[in-house]
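Engineer: sequence unknown, structure follows:
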């Protein structure tokens, strides 16, 4: 496990707890992305608070608003996850602010650890999120086609 230092608003023990929550959340996304209720239950308030206070994310009004913004659609989840992907985003450019300040200062230790924990889970989450987005897109396309008296094949 990573070694953390106390920060003004987040002691090392809380950083460890948030990292554990992060890992559980990512595991849930990797296995059950389409199960929104289960994924939301795996997204605790402490993790949400860390993301909006120390990872350069906008609050989107509440934990449920944040979750809906990033995890109701697979494409949005992929955009969220890009921030934590050291392979495709080595500088750690933030999703919302387009800078990498979240990887410096008092919270660098936990934020770098979040990227490390994410690395092996990202391929499975990407696959789940992409498939979920595909299902949503096809359902919407069928709905629009039906509205105009057309039918789409199941391909």
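Structural biologist: The structure has been received and is ready for your questions. Small disclaimer: the values here were computed from a predicted structure and weren't measured.
Engineer: Name the residues of stretch 119-127 that are buried.
Structural biologist: Of the residues in stretch 119-127, 121, 122, 125, 126 count as buried by neighbour count, 16 or more other CB atoms under 10 Å. Just so you know, the C-beta spots here come from the backbone N, C-alpha and C atoms, and that holds for glycine as well.
Engineer: for stretch 41-53, same thing?
Structural biologist: Quick answer for stretch 41-53 (16+ other CB under 10 Å): 42, 43, 44, 47, 48, 49, 50, 51, 52.
Engineer: which of these sit farthest apart?
Structural biologist: Checked with CB to CB, the buried residues of stretch 41-53 reach their widest spread between 42 and 52, with 17.4 Å between them.
Engineer: JSON lines for the buried residues of stretch 41-53, including pLDDT, secondary structure and distance to residue 58?
Structural biologist: Compiled in JSON lines, the buried residues of stretch 41-53 are given as follows (pLDDT from 0 to 100; DSSP: H, G, I helix; E, B strand; the rest coil; distance: CB to CB, whole Å):
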{"residue": "42", "pLDDT": "98", "secondary structure": "coil", "distance to residue 58": "21"}
{"residue": "43", "pLDDT": "98", "secondary structure": "coil", "distance to residue 58": "16"}
{"residue": "44", "pLDDT": "98", "secondary structure": "coil", "distance to residue 58": "19"}
{"residue": "47", "pLDDT": "98", "secondary structure": "helix", "distance to residue 58": "16"}
{"residue": "48", "pLDDT": "98", "secondary structure": "helix", "distance to residue 58": "12"}
{"residue": "49", "pLDDT": "97", "secondary structure": "helix", "distance to residue 58": "13"}
{"residue": "50", "pLDDT": "97", "secondary structure": "helix", "distance to residue 58": "14"}
{"residue": "51", "pLDDT": "98", "secondary structure": "helix", "distance to residue 58": "10"}
{"residue": "52", "pLDDT": "97", "secondary structure": "helix", "distance to residue 58": "7"}
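Engineer: show me what contacts residue 129?
Structural biologist: Contacts here follow CB atoms under 8 Å, 6 or more residues apart in numbering; on that basis residue 129 touches 29, 33, 74, 75, 77, 78, 81.
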